[in-house]
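Trainee: pasting the sequence and the predicted coordinates here, then a few questions.
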Amino acid sequence: MAVDIPAEVVQQEQVGPGLYRLSLYAPQITRSAVPGQFVYIRCTDNLDPLLRRPISIHGVNRERGELFLLYQVVGRGTALLAARRRGERLGVMGPLGRGFTLQAPGQRVVLVGGGIGVAPLVFLGQVLVQRNNQVCLLVGARSADQLPVGKEGYTAPFELAVATDDGSCGHHGPVTDLLEKILAGEGADMVYACGPRGMLHQTALLLARYDVPGEFSLEERMGCGVGACLSCVCKTAGKGGEPLQYRRVCVEGPVFPADQLVWD
Amino acid sequence: MTKPNLAVDVAGIRMKNPVTTASGTFGFGSEYAPFVDLNRLGAIVVKGTTLLPRQGNPLPRIVETPAGILNAIGLQNPGVNHFIEVALPYLRQFDLPVIVNIAGDTVEDYATLAARLDEVPGVAGLEVNISCPNVKKGGLAFGADPDSAAAVVRAVKGATRLPVVVKLSPNVTSIVRLAEAVVEAGADALSMINTLLGMAIDIRRRRPALANVMGGLSGPAIRPVAVRAVWQVYQALKVPIVGMGGIVTAEDALEFIMAGATAVAVGTANFINPRATTDIIEGIERFLVEEGVSDIQELIGAAHM
Ligand SMILES: Cc1cc2nc3c(=O)[nH]c(=O)nc-3n(C[C@H](O)[C@H](O)[C@H](O)COP(=O)(O)OP(=O)(O)OC[C@H]3O[C@@H](n4cnc5c(N)ncnc54)[C@H](O)[C@@H]3O)c2cc1C
Ligand SMILES: Cc1cc2nc3c(=O)[nH]c(=O)nc-3n(C[C@H](O)[C@H](O)[C@H](O)COP(=O)(O)O)c2cc1C
Ligand code: FES
């Protein structure tokens, strides 16, 4: 069950330009957190900015009760978050939302992360590897220094491939090029993706073309984080002709089956 | 000192303390149940309900502003039948008056909704929303004009025996004139204020930040406007008032009570602190003890000479 607790900052580490890895002591949250879920954080104790900020769970250390987040500074909230230091406490609600559905052991899965969207996929990859899935993580970024994972020195317990828009690391081009190569070659049983909307739309088209199931983690502006305010909705409609409806990213998501999403 | 009395009565709706939730910010209660013991609330006002399910507005629906938010949800809700069949049975498990916020496109819609809810056990009262700035028909179209506001209230009163609380908009020249019109038409109580019509622009996209262009401003940014509205209407009319608009702490709630509110509703603050309602109840009780006040009634309107 979700809680709201004052979580202590264990470590705040800059891992790139505007990129941070934060570790929080939050045993009540790590106990039940699953990949794809998120936390809703008060970046400041003041009332401006007013709202909390949603950040995906990047990993957990259950023995130590530590929760890991990977985030990018884009505005005031995340800048305030980056200024929080070891020993400070911040209000954290979580774990929130519905995470990814895990595949049966032995299956081959591909994870596609665009930019900071790779954050929840690392946690997912770790859990899938423990379940004896064959895991490949594809990471896309604008350039090498924007790669939160996949750089030299980062060890992931699974296969990893990188694409950059400027060609400064790995494949020169969008990360979906890498996905297409896999789908056209050895194939995949399941594709999980998180990243900018355009990347997700391209991924959805590829999945439809190769008839592979997928699950995407979405981002929308949130008010409450718990399903009460209806501000974070996304447009969905089933492949089987189910009617168009707005569903709440914070409770029915953030993870949705790829073939239920409407791209307009 | 013995525990102070916090109980209040809003036009026959008996609340064990003066704190309720603001419609649209607390869902149907279950959303916040992991964080708040619902039995501790004075009452719950649920999400705005319409006759038929509504899809609501396109995205984005929310933007942050200084110490506030602008929202344009557009009354997305599953409709009154779903409310009665699914949300209400859940809420009936709690010792909690349930106030249903209703909205319609026509006067008849409001009357039909009121009649539909009249037969239903577990509904303690109706809050008539004639002040939503985010829907094209109904909403503010009724709330901005005393005659149409009165017509809605008369229709609702004629269709139900439940206490009728009418929710007023601050987006009018004189909230007192509006209050007088709806009380004359039979309103048993008033709630105020709904959101202030506002707007923000995304300067990079050179477009309005909300898909709906304009939205409703709520949160601490609007509190002085809300306190003023409660003050003015209390001064002019003898009718119970549910005050709301930017209440975050017990001190904020006490401002409204001293301005003349019998009860208060907590809205946007729930988003920041899911336990805002119960923190406020505890804070009010502490204040009464500190000030040696044995009954909250003594503070209602206390700031008026
Ligand atoms: C479920 C979910 C998981 C997320 N996980 C991560 C993560 O792991 N790492 C990470 O770096 N970012 C993540 N984000 C995006 C992150 O929430 C935003 O970057 C952040 O809220 C921006 O806040 P700001 O004050 O710095 O920016 P500002 O632009 O100043 O924010 C203004 C408003 O816009 C909202 N907002 C801005 N960008 C986004 C966005 N992309 N999504 C939702 N709301 C936004 C803010 O919450 C705020 O209300 C996630 C978003 C969601 C919805
Ligand atoms: C996201 C959101 C949704 C709302 N939905 C409704 C609604 O359905 N019906 C209604 O009468 N008021 C609605 N309101 C207005 C609130 O009930 C309240 O009047 C207003 O937000 C001021 O209080 P606050 O500043 O404490 O939030 C909504 C407000 C917000 C922020
Ligand atoms: S953020 Fe309030 S419903 Fe999702």
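Mentor: Looks like it came in fine. Numbering: from 1, shown residues only, chains lettered A, B, ... in the order given. Ligands and ions are numbered 1, 2, ... in the order given.
Trainee: who's in contact with the residue in the stretch 101-250 of chain B that chain A sits nearest to?
Mentor: Closest to chain A within the stretch 101-250 of chain B is B:Pro220: 5.2 Å, counting by Cβ to the nearest Cβ. Quick note: C-beta positions are derived from backbone N, CA and C, even for glycine. Residues near B:Pro220 by Cβ atoms under 8 Å, 6 or more residues apart in numbering or on different chains: A:47, A:50, B:67-68, B:246, B:248, B:252, B:268.
Trainee: give me the subset of the residues you listed that lies in helices.
Mentor: Among the contacts of B:Pro220, DSSP state H puts B:Asp252 in helices.
Trainee: quick one: which of the contacts of B:Pro220 has the most company?
Mentor: In terms of neighbours by other Cβ atoms under 10 Å in any protein chain shown, the contacts of B:Pro220 top out with B:Thr268 at 32 neighbours.
Trainee: ok, and the helix or strand in chain B with the lowest average confidence?
Mentor: helix B:140-143 (a mean of 78; mean pLDDT, DSSP states H and E).
Trainee: how about the next helix or strand after that helix, which residues are buried there?
Mentor: Per DSSP states H and E, helix B:140-143 leads on to helix B:146-159 as the next helix or strand towards the C-terminus. For helix B:146-159, burial by neighbour count (16 or more other Cβ atoms under 10 Å in any protein chain shown) applies to B:146, B:148-157, B:159.
Trainee: and for stretch B:207-224?
Mentor: Across stretch B:207-224, burial judged by 16+ other Cβ under 10 Å covers B:208-210, B:212, B:215-223.
Trainee: nearest to ligand 3, of the residues you listed?
Mentor: Proximity of those to ligand 3 (Cβ to the nearest ligand atom) peaks at B:Ser218, which lies at 13.3 Å.
Trainee: how about the residues of the stretch 1-150 of chain B by chain A?
Mentor: Contacts of the stretch 1-150 of chain B with chain A, taken as Cβ under 8 Å from any Cβ of the partner chain, map to B:24-27, B:31-32, B:34-35, B:47, B:55-56, B:59-64, B:66-69, B:71, B:73, B:76.
Trainee: so of those residues, which ones are in strands?
Mentor: Counted as lying in strands by DSSP state E, out of these, are B:62-64, B:68-69, B:71.
Trainee: check contacts around the residue of chain B most remote from its centre.
Mentor: Centroid-distance maximum for chain B: B:Arg204 at 34.9 Å, with Cα atoms, centre = their mean. Shown in contact with B:Arg204 (Cβ under 8 Å, 6+ apart): no residues.
Trainee: which of the three states applies to it?
Mentor: In terms of secondary structure, B:Arg204 is coil; the call rests on DSSP: H, G, I helix; E, B strand; the rest coil.
Trainee: quick revisit: tabulate the buried residues of helix B:146-159 (a markdown table), appending distance to ligand 3 and pLDDT.
Mentor: Formatted as a markdown table, those follow (distance: Cβ to the nearest ligand atom, whole Å; pLDDT from 0 to 100):
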| residue | distance to ligand 3 | pLDDT |
| --- | --- | --- |
| B:Pro146 | 34 | 93 |
| B:Ser148 | 31 | 92 |
| B:Ala149 | 29 | 94 |
| B:Ala150 | 34 | 95 |
| B:Ala151 | 33 | 95 |
| B:Val152 | 28 | 96 |
| B:Val153 | 31 | 97 |
| B:Arg154 | 35 | 97 |
| B:Ala155 | 31 | 97 |
| B:Val156 | 28 | 98 |
| B:Lys157 | 33 | 98 |
| B:Ala159 | 31 | 98 |
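Trainee: so which of those residues comes closest to A:Leu207?
Mentor: B:Val152 (49.6 Å; Cβ to Cβ).
Trainee: filter the residues of the stretch 1-150 of chain B next to chain A down to the ones close to ligand 1.
Mentor: Among the residues of the stretch 1-150 of chain B next to chain A, proximity to ligand 1 is found for B:Glu64 (Cβ under 6 Å from any ligand atom).
Trainee: please, a ChimeraX command that selects the buried ones among the residues of the stretch 1-150 of chain B next to chain A?
Mentor: Burial among the residues of the stretch 1-150 of chain B next to chain A is assessed by 16+ other Cβ under 10 Å; the matching ChimeraX selection reads:
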select /B:24,25,26,27,31,32,35,47,56,59,60,61,62,63,64,67,68,69,71,73,76
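Trainee: whatever residue of chain B ends up closest to ligand 2 - nearest residue in space that isn't next to it in sequence?
Mentor: Relative to ligand 2, the nearest point of chain B is B:Gly24 (1.9 Å; Cβ to the nearest ligand atom). Nearest residue to B:Gly24, sequence neighbours excluded (Cβ to Cβ, 6 or more residues apart in numbering or on different chains): B:Lys47, at 5.4 Å.
Trainee: next one: A:Glu186
Mentor: Leaving out its chain neighbours, the residue that sits closest to A:Glu186 by Cβ to Cβ, 6+ apart is A:Arg108, at 7.4 Å.
Trainee: my read: the one you found touches A:Leu183, true?
Mentor: No: A:Arg108 lies out of contact with A:Leu183 (Cβ atoms under 8 Å); the separation is 11.2 Å.
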